[in-house]
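*Asks:* dropping the sequence and predicted coords here.
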Amino acid sequence: MAPTQKVYVVGVGMTKFIKPRDLRDYPDMGREAAAKALLDAGITYDKVQQAAVGYCYGDSTCGQRTLYQLGMHQIPIINVNNNCSTGSTALYLARQAIEYGAADCTMALGFEKMEAGSLGSKFQDRTNPLDKT
């Protein structure tokens, strides 16, 4: 099936990159970025029909926790974790929904609350995906 709709990014929003993040949590940072994007696009939250929310360090429904604050309760919210490709994967999914006619307006949102130190595996009781054996 070939794409049927052209897709445009019409609004963007960001939070300030700060360290340490203990002063703010992801729901606040995500809400700020999403609200700024809606303002930049000149639309209200009820125009958004689907969202793809990207993050790596968080529980499985952080996207819902963040967007419910803005009133986005009745839309599909897809949580995306794809390591370094998380943001581009969220954007791809949001674009794809419009491109193939599943939605007219979508949101790609990303956030992260990093821990101190270098990145590492969170689960010690299973095979690490970077393990080559």
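*Replies:* All right, it came through fine.
*Asks:* ok, Y8 to P27 distance?
*Replies:* 28 Å (C-beta to C-beta, to the nearest Å). Where you see a C-beta, it was placed from the backbone N, CA and C, and this is true even at glycine.
*Asks:* do the same with I75
*Replies:* For I75 relative to P27 (C-beta to C-beta), the value is 17 Å.
*Asks:* can you pull out the strands in the chain?
*Replies:* Residue ranges of the strands in the chain, as given by DSSP state E, are 50-54, 77-80, 106-110.
*Asks:* partners of the shortest one, with directions?
*Replies:* Within its sheet, strand 77-80 is paired with strand 50-54 (parallel), according to DSSP bridges.
*Asks:* residues in contact with the strand it pairs with?
*Replies:* By C-beta atoms under 8 Å, 6 or more residues apart in numbering, the residues outside strand 50-54 that reach it are 30, 62-63, 66-67, 72, 75-82, 86-87, 89-91, 93-94, 97, 102-103, 106-111.
*Asks:* repeat for stretch 112-120
*Replies:* Counting by C-beta under 8 Å, 6+ apart, P20, R21, R24, D25, Y26, M29, Y55, C56, Y57, G58 sit against stretch 112-120.
*Asks:* and that stretch, how far out from the chain middle?
*Replies:* 18 Å (C-alpha atoms, centre = their mean, to the nearest Å).
*Asks:* give the buried residues for it.
*Replies:* K113 (16 or more other C-beta atoms under 10 Å).
*Asks:* remind me, longest helix of the protein?
*Replies:* Counting by DSSP state H, the longest helix found in the chain is helix 26-41.
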